[in-house]
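Q: With the sequence up front, the predicted model follows.
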Amino acid sequence: MYRSHSCGQLRTSDINKEVTLAGWVQKTRDKGFMIWVDLRDRYGITQLIFDEERTPKDVVEKAKTLGREFVIQIKGTVIERESKNKNIPTGEIEILVRELNILNESIVPPFTIEDETDGGEDIRMKYRYLDIRRNPVKNSLMFRHQVAMQVRNYLSQEGFIEVETPYLIKSTPEGARDFVVPSRMNEGQFYALPQSPQTFKQLLMVGGMDKYFQIVKCFRDEDLRADRQPEFTQIDCEMAFVEQEDILNIFEGLTRNLIKEIKGIEIGDFPRMTYDEAMKIYGNDKPDIRFGMKFGELNTVAQHKDFKVFNDAELVVGIAVPGGASYTRKEIDKLIDWVKRPQVGALGMIYVKCNEDGTYKSSVDKFYDQDDLAKWASTTGAKAGDLICVLSGPTHKVRAQLSALRMELAERLDLRNPEEFAPLWVVDFPLLEWDEETERYHAMHHPFTSPKPEDIPLLDSKPGDVRANAYDLVLNGNEIGGGSIRIHDKETQALMFDHLGFTPEEAKAQFGFLMDAFQYGAPPHGGLAFGFDRLVAILGGQETIRDFIAFPKNNSGRDVMIDAPANIDATQLKELNIKLDL
Ligand code: ASP
């Protein structure tokens, strides 16, 4: 038996017990006549004491050789500690050691295994197994487990069945590139790793599974943006015989339950907003509604004077920054520089200070009088003491720019409280999205999403106006889930492929299996998927998902610990019939 107790278990009620513990040496303090060792395992830290008077001499000698991260086993007696440590649960006792067994030695670790470590990101990634010994990472992984268990329990209780779908599949177009896997047995052919189990979960509905879920890895070969992983985890769900309302209700229930069980916070009905409203009010389809600064569109109150910049603009829109009237000229200039950065891309910014005395001072006083500015204030909801920031230009661009500014200001003003949870459903997404590069419409969600039946006639005349039965669940400005009601008949699916520019032959070659299945009594169905890593990170009050993933990839998509991706040898390539022309 390696141990009778864990390192987080013993209390004063265990005093005088004979115990066996095993774990890692966190640190040692050698006072000559006495040696203390902090012994650590997943459950906590217990202090060991080797005492010249009470511990056998050879054991004391051996204890002197212990280094950080040695793995040891000890036997001893639980005694009351003289100087108690109130900060840890085992802080009132220590173990008077009688026997010491070194199970394995350790070379000096490249960084300290402490909550606050001296190791930088790269080195911690390379030695991730050591990083996992640290509380912040260990706790994050345990937290992830807790969320996963809660999800599984909740969905099982609601009658969902977890079904595994294959990883070696054929490409599913979801907007990203596929990772591909060469097939040795089928020369020259490739599998693709799923971007999501989308078509399979739909086929499970055709198969009569009724309610499916899976906590599942998905793979997308995208250019890596900050905090994206090429492989990530979804809570993937699908239900048959449902309308959008049924799905929103079930998954609102799941999310509410998670926030309650995990965070102890009760949340009422989730607000809903259409995509059009979200874009108009927040310039963003995943607005953070924990704070205000709603957009005020100023065209009607700003395009009647001689200010050409505004008169020429498709949209003039502003937000009121709480307390911003006190910003100095320099601070405002910095803000203007910020919106002009290439990442944001505004050409400039007009501002209005709403003075405490009820007057206004703007950067366009030459063109606008106090009455005009008062109207801007009421449209943006600005109060005395606020600063109105106004951008103008093409609608699409300006909204994105002002949204970026809104988020930046919220960050600076500390309005994004990680302990507050503000979920929001965004519904009625457009079905199609114009892609500048390919000059074609693409499915905004994916090609299996059902158009709103009443909008189908617009498919030919105004494809961009067709709305989909598609929805996203947004939490604190992050899209944590998204889904749709699916097309479940062959004709509509064929029509959709046609509008996405597939020839009937191409559609058949890629998705014949799905359209065939639709001919055998496919039930109406729909579903959604949550981004599990992100959901866990948000519930854990963190911005980055990396610490919630045991072995994440770095920003270049590399696993620096195992050094992947890597070359494969010539024999392997030959077997796979791949000729590299490097
Ligand atoms: N497969 C979709 C996705 O990965 C989710 C869904 O429509 O259920 O975004």
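A: Noted; the coordinates are in hand.
Q: Pairing partners for the host helix or strand of residue 528, with directions?
A: Here residue 528, judged by DSSP states H and E, is contained in strand 525-531. Using DSSP bridges, the strands paired with strand 525-531 are strand 231-240 (antiparallel), strand 478-485 (antiparallel).
Q: How far away from the center of its chain is that strand?
A: 16 Å (C-alpha atoms, centre = their mean, to the nearest Å).
Q: Can you tell me what sits against it?
A: 196, 201-202, 205, 212, 232-244, 247, 251, 450, 469, 471, 473, 479-486, 488 (C-beta atoms under 8 Å, 6 or more residues apart in numbering). For every residue, glycine as well, the C-beta is placed using N, CA and C.
Q: next one: stretch 447-465
A: 173, 198-199, 202, 428, 430-434, 441, 443, 466-470, 484-488, 492-493, 495-497, 499-500, 511, 514, 526.
Q: Filtering the residues you listed by proximity to the ligand, which remain?
A: 198, 484 (C-beta under 6 Å from any ligand atom).
Q: Please narrow the contacts of stretch 447-465 to those residing in helices.
A: 198-199, 202, 492-493, 495-497, 499, 511, 514 (DSSP state H).
Q: Buried by neighbour count, from those residues: which ones?
A: Among the ones in helices among the contacts of stretch 447-465, those classed as buried by 16 or more other C-beta atoms under 10 Å are 198-199, 202, 492-493, 496-497, 499, 511, 514.
Q: got those as CSV, with pLDDT columns?
A: Shown next, in CSV, are those (pLDDT from 0 to 100):
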residue, pLDDT
198, 96
199, 96
202, 98
492, 95
493, 95
496, 94
497, 94
499, 93
511, 93
514, 95
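Q: ok but residue 251 is inside a helix, no?
A: Yes. Secondary structure of residue 251 (DSSP: H, G, I helix; E, B strand; the rest coil): part of a helix.
Q: can you tell me how far the nearest residue to it once chain neighbours are set aside sits from the ligand?
A: Leaving aside its chain neighbours, residue 251 sits nearest to residue 528 (6.0 Å; criterion: C-beta to C-beta, 6 or more residues apart in numbering). Taking C-beta to the nearest ligand atom, to the nearest Å as the measure, residue 528 falls 5 Å from the ligand.
Q: Residue 528: neighbouring residues, count only.
A: 22 (other C-beta atoms under 10 Å).
Q: For it, give the beta-bridge partners.
A: Under the criterion used (DSSP bridges), residue 528 bridges to residue 237, residue 483.
Q: residue in the stretch 251-400 of the chain nearest to the ligand?
A: Closest residue of the stretch 251-400 of the chain to the ligand, C-beta to the nearest ligand atom: residue 251 (10.4 Å).
Q: brain fart, the stretch 101-250 of the chain
A: Counting by C-beta to the nearest ligand atom, the stretch 101-250 of the chain gets nearest to the ligand through residue 196 (3.4 Å).
Q: of all the strands paired with strand 525-531, which lies closest to residue 279?
A: Of all those, strand 478-485 sits nearest to residue 279, with 14.1 Å by C-beta to C-beta.
Q: could you give me the average pLDDT of that closest one?
A: Computed over strand 478-485, the mean pLDDT rounds to 97.
Q: Same check on stretch 330-349?
A: Rounded mean pLDDT across stretch 330-349 is 96.
Q: Dump the C-alpha coordinates for that stretch into CSV.
A: Below are the C-alpha coordinates for stretch 330-349, written out as CSV (Å, rounded to 0.1, in the frame of the first residue of the first chain):
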residue,chain,number,x,y,z
LYS,A,330,-4.1,64.2,-24.3
GLU,A,331,-6.3,61.3,-23.2
ILE,A,332,-8.8,62.0,-25.9
ASP,A,333,-6.0,62.2,-28.5
LYS,A,334,-4.8,58.8,-27.3
LEU,A,335,-8.3,57.4,-27.8
ILE,A,336,-8.4,58.8,-31.3
ASP,A,337,-5.0,57.2,-32.0
TRP,A,338,-6.5,54.0,-30.6
VAL,A,339,-9.4,53.9,-33.1
LYS,A,340,-7.0,54.8,-35.9
ARG,A,341,-4.8,51.8,-35.3
PRO,A,342,-4.9,49.5,-38.3
GLN,A,343,-6.6,46.8,-36.2
VAL,A,344,-9.5,49.1,-35.7
GLY,A,345,-9.2,51.1,-38.8
ALA,A,346,-11.3,54.3,-38.2
LEU,A,347,-10.2,57.4,-40.1
GLY,A,348,-10.9,59.6,-37.1
MET,A,349,-13.2,60.3,-34.2
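Q: What residues sit buried inside that stretch?
A: Neighbour-count burial for stretch 330-349 [16+ other C-beta under 10 Å]: 332, 335-336, 338-339, 344, 346, 349.
Q: Off-centre distance for that stretch?
A: 28 Å.
Q: contact partners of it?
A: So stretch 330-349 is contacted by 309, 327, 351, 387, 389-391, 393, 397-398, 401, 404-405, 408 (C-beta under 8 Å, 6+ apart).
Q: Having no further points to raise, I will conclude here.
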